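Visitor: sequence? don't have it. structure:
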């Protein structure tokens with residue numbers, strides 16, 4: 001074989017690889033698979049996003065139904081009035097106090113119940129179902145239950161229990177406080193704690209049942225006690241689930257309207273931001289001011305929801321490792 005022919009075969013030009021086609025061209029069936037989701041996406045945009053855009057536009061307008069002649073663009077005036085209004089500042093403080101207290105107490109009670117249900121005992125399924133029930137009650141029905149069946153000064157269960165307890169000791173002078181007038185914010189908080197404790201319990205119970213048990217068993221073999229296992233193994237493992245439960249609970253409690261409206265009608269210092277939006281819109285008929293307050297509530301909810309989504313994403317990443 002001649003040398004030039006060998007050189008030509010060795011130095012034969014190599015065909016360059018063509019760039020890979022785009023994903024859309026490589027898999028034309030992707031859009032076909034996504035097509036059934038388009039109606040749901042359009043419906044979600046129409047139902048959720050368009051009303052919010054309308055609310056955002058109205059929040060920059062001067063629009064009071066009681067003064068129809070004075071309507072126009074107000075710029076940031078509505079937001080300025082919201083942040084300088086003493087009523088709104090008080091509603092914001094009430095919202096923060098209500099949210100923090102309800103979430104913390106519900107989280108502690110939910111953790112205790114989750115630790116209880118994580119153990120095996122007779123009738124655990126029935127107990128679990130009964131503990132979940134308050135979360136399944138309609139919020140308005142839950143508020144009505146607490147207002148009339150528990151808090152009522154004449155026939156409520158709490159004052160009736162005080163009467164029964166005092167009679168056991170031979171006294172007919174049991175205290176009969178009017179809970180809604182003496183402790184209005186505490187009354188709202190107690191009803192919300194009763195409603196949201198099962199939600200915290202479910203999230204924490206799921207975390208407890210997903211933890212690796214071999215490490216705890218090894219620690220127990222090495223002589224670690226129950227408290228040491230909980231402090232150094234169980235609690236650090238539940239940290240993400242505690243954060244998730246607290247953030248999700250905060251998102252919902254910040255937006256709570258049913259309990260405040262039903263139990264106290266926003267009186268006696270219990271008006272939170274959602275109730276303030278309601279009174280501004282339906283009683284003062286100031287649509288621009290109410291829209292600005294509503295946008296503020298949405299922004300606060302989005303901030304909390306962002307942290308919740310990050311916590312969920314970190315949990316998913318840990319599960320896929």
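Guide: Structure received. No experiment lies behind these values; they were computed from the predicted model shown.
Visitor: right, and residue 59 touches residue 294 too?
Guide: Yes - counting by Cβ atoms under 8 Å, residue 59 does reach residue 294; the two are 7.5 Å apart. Quick note: C-beta positions are derived from backbone N, CA and C, even for glycine.
Visitor: could you point out where the stretch 201-321 of the chain is predicted with low confidence?
Guide: Along the stretch 201-321 of the chain, segments meeting pLDDT under 70 span 312, 315-321.
Visitor: let's go with 80 and repeat that
Guide: 215-216, 222, 300-301, 304-305, 307-321 (pLDDT under 80).
Visitor: measure residue 136 to residue 295 for me?
Guide: 32 Å (Cβ to Cβ, to the nearest Å).
Visitor: looking at the two, which is more packed in?
Guide: Neighbour comparison, residue 136 and residue 295: the larger count goes to residue 295, with 20 against 10 (by other Cβ atoms under 10 Å).
Visitor: thought residue 196 was touching residue 249?
Guide: Yes - between residue 196 and residue 249 a contact is recorded at 5.7 Å, counting by Cβ under 8 Å.
Visitor: between those two, what contacts are shared?
Guide: Shared contacts of residue 196 and residue 249, defined by Cβ atoms under 8 Å, 6 or more residues apart in numbering, are found at 102, 103, 106.
Visitor: what about the last one, neighbour count?
Guide: By that I understand residue 106. 25.
Visitor: so it makes contact with residue 196?
Guide: Yes - taking contacts as Cβ under 8 Å, residue 106 lies within contact range of residue 196: 4.5 Å.
Visitor: anything in contact with each of the two?
Guide: residue 249.
Visitor: backbone torsions only: list them for residue 286.
Guide: Torsion angles at residue 286 (phi, psi; degrees, to the nearest 10) stand at phi -100, psi 90.
Visitor: report the contact partners of it.
Guide: Per Cβ under 8 Å, 6+ apart, neighbours of residue 286: 63, 64, 65, 280.
Visitor: from the residues you listed, list the buried ones, please.
Guide: Neighbour-count burial (16 or more other Cβ atoms under 10 Å) applied to the contacts of residue 286 gives 63, 64, 280.
Visitor: closest to residue 110 among these?
Guide: residue 280 (34.2 Å; Cβ to Cβ).
Visitor: measure that closest one to residue 300 for me?
Guide: Distance from residue 280 to residue 300, by Cβ to Cβ: 17 Å.
Visitor: could you do residue 51 as well?
Guide: Distance from residue 51 to residue 300, counting by Cβ to Cβ: 18 Å.
Visitor: cool, and residue 158?
Guide: With distances taken as Cβ to Cβ, residue 158 is found 33 Å from residue 300.
Visitor: so where do the helices sit in the stretch 1-150 of the chain?
Guide: For the stretch 1-150 of the chain, helices defined by DSSP state H, counting those that start in this stretch occupy the ranges 3-10, 23-26, 29-34, 38-44, 50-58, 77-84, 86-117, 124-136, 139-144.
Visitor: nearest to residue 224, out of those?
Guide: Judging the helices of the stretch 1-150 of the chain by Cβ to Cβ, what sits closest to residue 224 is helix 86-117, at 16.4 Å.
Visitor: and the angle from that closest one to helix 77-84?
Guide: Per axes from the mean of the first three to the mean of the last three Cα atoms, to 10 degrees, the angle that helix 86-117 makes with helix 77-84 is 70 degrees.
Visitor: now do helix 86-117, average pLDDT.
Guide: Taken as a whole, helix 86-117 has a mean pLDDT of 90.
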